[in-house]
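>>> Dropping a prediction and its sequence here:
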Amino acid sequence: MRNVLCILLAGGVGQRLYPLTRDRCKPAVPFGGIYRIIDITLSNCVNSGLRRVYILAQYKQQSLSRHINQGWHMMQRDLDEFIEIAAAQQRNGNDWYRGTADAVYQNLYTFDQEGFDDALIVSGDHIYKMNYAEMLQYHRAKDADVTVAVIEVPKQVAAGSFGVLEVDEEGKVLGFEEKPAEPKPLPQDPNSALASMGIYIFKREVLYRALSEDAAETNSKHDFGRDILPSLIGDHQVHSFNFRDVNKGTAKYWRDIGTLDAYYEANMDLVSVIPVFSLYDRDWPLRTNALQLPPAKFVTSGDGQRMGMAVDSIVAPGCIISGGHARRSVLSYGVRMHSYSEVEDSIIFPNVTIGKHACIRGAIIDSGVEIPDGTVIGYDIGLDREHYTVTEGGRVVVPSGTLFTSSGVKPIPVVAETRTNV
């Protein structure tokens, strides 16, 4: 793995996760109580033996930079180990990153300073557990120019959402379509398709040549799925690698959490008695910036209703459940629930305060929001739409900075963003 350079794409605007991405990039969005989304991919890297990782960031990267500097500084640069953010520099012109491929192309000068044979390219906004060393072994055994990690998904799920591959019996890629309306089914299963996971291994020289040629194409979207992979199929050895899950679940687990509903469901996957995605596997630990906080505390008992408790929930350090009830919810660090408050099927971000008799159901409450006494969220979706963001699945999102006054709810003003996705 020392001859592999990992390039982690973390610069997308994340419009479909708005308003959670109003003040932060998508990989920096909290997840699972104590983590950020990017921690899952970085943990895969470290657990796989990767010790050289560049993170390509562009959009609202301050919270991400702080998190990486504080929580992922265990590498030794003098031993050629690092996890570093390579900020957008406009090195090749006046443009910000124009796509995933262009993001890598604009940083080739930085990568040239590192000796490597193969480049592993991953995204910082997926939830899964994978040993990249197994994929690398397969890539080299096939003497592949490019290897693409793939997973079988239902055709209706792949339609319009994922890149779909066509492969032969040896795993060689014969065709690729980016988000087709009618995905080509698997020969052995007409109801399933082979979806790209957005994980690639390139031989160094193949990557450099493909990116340089793509940069000169004026009609290109400069995207790995739309442009780079189709241009290599046929003339190069492009192979697929079937996803091998190390999550130890009953089924393979991989989630693209690019939408609010997908993000919500991925968090809810954590709270069941036997979680679909486990945070508790000591053989595959998930790392993060471990804050110095006291244990969670459950206080006040007496009349049965005024009893601090949490059922089928994740409760992070620093939380105080003071006479409130939490059910099937994720409570991030520093949350304070006051007497008779109710939280159900919800995700509560760090340092949220929930007042007395407040009732919250099926919601995502962003960091630092103070919910006044008696507030009701998630019980009348029509009314909620007047004040908050409501997803297609009926989940209510209360953004950070929301002010509750005697005259109503006042969301914080928003300045439109115009930067390009990565």
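On my side now, so go ahead. What you see is a predicted model, and the numbers here were worked out from it, not measured in a lab.

>>> what separates the residue minimising distance to the centre of the chain from V238, distance-wise?
For the chain, D125 is the residue whose C-alpha lies nearest the centre (C-alpha atoms, centre = their mean; 2.2 Å). According to C-beta to C-beta, to the nearest Å, D125 stands 24 Å off from V238. For the C-beta atoms, the positions are set from N, CA and C on the backbone; glycine is no exception.

>>> Repeat that for C6.
The value you get for C6 to V238, if C-beta to C-beta is used, is 20 Å.

>>> try A216
21 Å.

>>> Contacts made by stretch 82-92 with the rest, please.
With contact meaning C-beta atoms under 8 Å, 6 or more residues apart in numbering, stretch 82-92 is reached by 10-11, 42, 45, 51-58, 61, 64-65, 68, 72-73, 75, 96-97, 103, 105-107, 109-110, 215.

>>> Among the residues you listed, which ones are in strands?
Judged by DSSP state E, the subset of the contacts of stretch 82-92 located in strands is R52, V53, Y54, I55, L56, A57.

>>> Now for the residue nearest to the centre of the chain: which residues touch it?
Contacts of D125 by C-beta under 8 Å, 6+ apart are A10, G12, G14, K26, P27, I37, I38, D256, I257, G258.

>>> how about 10 Å then?
9-10, 12, 14, 17, 25-27, 29, 37-38, 40-41, 198, 255-258, 263 (C-beta atoms under 10 Å, 6 or more residues apart in numbering).

>>> For stretch 380-394, buried residues please.
By neighbour count with 16 or more other C-beta atoms under 10 Å, stretch 380-394 contains the buried residues D384, H387, Y388, T389, V390, T391.

>>> Give me the contact list for it.
For stretch 380-394, using C-beta under 10 Å, 6+ apart, the contacting residues are 16, 18-20, 259-265, 362-365, 376-378, 395-399, 402, 404, 408-411.

>>> how close does K142 get to L56?
Distance from K142 to L56, by C-beta to C-beta: 27 Å.

>>> quick check, distance from stretch 321-335 to the centre of its chain.
23 Å (C-alpha atoms, centre = their mean, to the nearest Å).

>>> same question, stretch 46-56
Put simply, stretch 46-56 sits 16 Å off its chain's centre (C-alpha atoms, centre = their mean).

>>> And stretch 131-140, by the same measure?
The answer for stretch 131-140 is 22 Å, by C-alpha atoms, centre = their mean.

>>> tell me the mean pLDDT for it?
Mean per-residue pLDDT for stretch 131-140: 98.

>>> for stretch 336-344, same thing?
Mean predicted confidence for stretch 336-344 is 96.

>>> CA atoms of that stretch as PDB?
The C-alpha coordinates for stretch 336-344 follow below in PDB (Å, rounded to 0.1, in the frame of the first residue of the first chain):
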ATOM      1  CA  ARG A 336     -29.700  19.000  26.400                       C
ATOM      2  CA  MET A 337     -33.300  17.700  26.700                       C
ATOM      3  CA  HIS A 338     -35.400  19.300  29.400                       C
ATOM      4  CA  SER A 339     -38.400  17.900  31.300                       C
ATOM      5  CA  TYR A 340     -41.300  16.300  29.500                       C
ATOM      6  CA  SER A 341     -39.600  16.800  26.100                       C
ATOM      7  CA  GLU A 342     -40.100  14.100  23.500                       C
ATOM      8  CA  VAL A 343     -37.700  13.300  20.600                       C
ATOM      9  CA  GLU A 344     -38.700  10.400  18.200                       C
END
